[in-house]
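A.B. asks: predicted coordinates and the sequence they were generated for:
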Amino acid sequence: MAMTDLISIAKVTKSWGNRGEVIADLLTDFPDRFRKLKKVLLQEEGQSAFSLALESFRLHNRRIVLKFCGVDDITTAEGLRDHEIRIAKKDILDLPEDCYYQFDLINCFVRDLQGCTFGKVTDVLEMGGYFLLNLRCGEKEMLVPFAKDIVLEVDLSRKELICNIPEGLEDL
């Protein structure tokens, strides 16, 4: 499976206790998805993914504690530090209308109402409950709020966002 076919839903930060559990930062808005998962892929940056069966999980202070089959001691659990918990893109949950996965917005072209291209989305940043599109505009970068009065249309099939960029925003 290609890396582009995988979606990260958590990242292991450290071992937890001495029975092989790990604690991970959630990278999903849907932690209940872990109830249905039997196996997940783990992948450290630059390495191949491998599969582990999920034995149990529980939420703990906005994080998740995971127990994998065959990981029964602190040393083995510590070896999973910095691994991302990944699932196949085909297994993501459907979103309501006018809601988007951040990864779907990456590499979208941002155009104004006349069709002029402002740039390409390189990242989506969360700032205090709001989202900002990080655009690459030639040699410059620009942050554009992902708000209904600015992002007027999202066409993921064409990888295009039609925006009403406020005057002067590109000069900030």
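C.D. replies: Done, it's in.
A.B. asks: which ones are touching the closest residue to residue 104 other than its chain neighbours?
C.D. replies: Nearest non-adjacent residue to residue 104, counting by C-beta to C-beta, 6 or more residues apart in numbering: residue 156, 5.4 Å away. Every C-beta, even on glycine, is put in place using the N, C-alpha and C of the backbone. By C-beta atoms under 8 Å, 6 or more residues apart in numbering, the residues touching residue 156 are 100, 104, 108.
A.B. asks: give me the distance between the first one and residue 32.
C.D. replies: Going from residue 100 to residue 32 by C-beta to C-beta, to the nearest Å gives 20 Å.
A.B. asks: between those two, which is the more surrounded one?
C.D. replies: A count of neighbours by other C-beta atoms under 10 Å puts residue 100 above the other of residue 100 and residue 32, at 16 against 9.
A.B. asks: which element is that one on?
C.D. replies: Assigned by DSSP states H and E, residue 100 belongs to no helix or strand.
A.B. asks: looks like it contacts residue 154 (just checking).
C.D. replies: Yes. Counting by C-beta atoms under 8 Å, residue 100 touches residue 154, with 6.3 Å between them.
A.B. asks: elements contacting whichever helix or strand residue 104 is part of?
C.D. replies: Using DSSP H and E, residue 104 sits in helix 102-105. Using 3 or more C-beta pairs under 8 Å, 6 or more residues apart in numbering; DSSP states H and E, the elements in contact with helix 102-105 are strand 117-127.
A.B. asks: show me what counts as buried in the strand it packs on.
C.D. replies: 118, 119, 120, 121, 124 (16 or more other C-beta atoms under 10 Å).
A.B. asks: ends of stretch 93-108, how far apart?
C.D. replies: Criterion C-alpha to C-alpha, to the nearest Å; first-to-last residue distance in stretch 93-108 is 21 Å.
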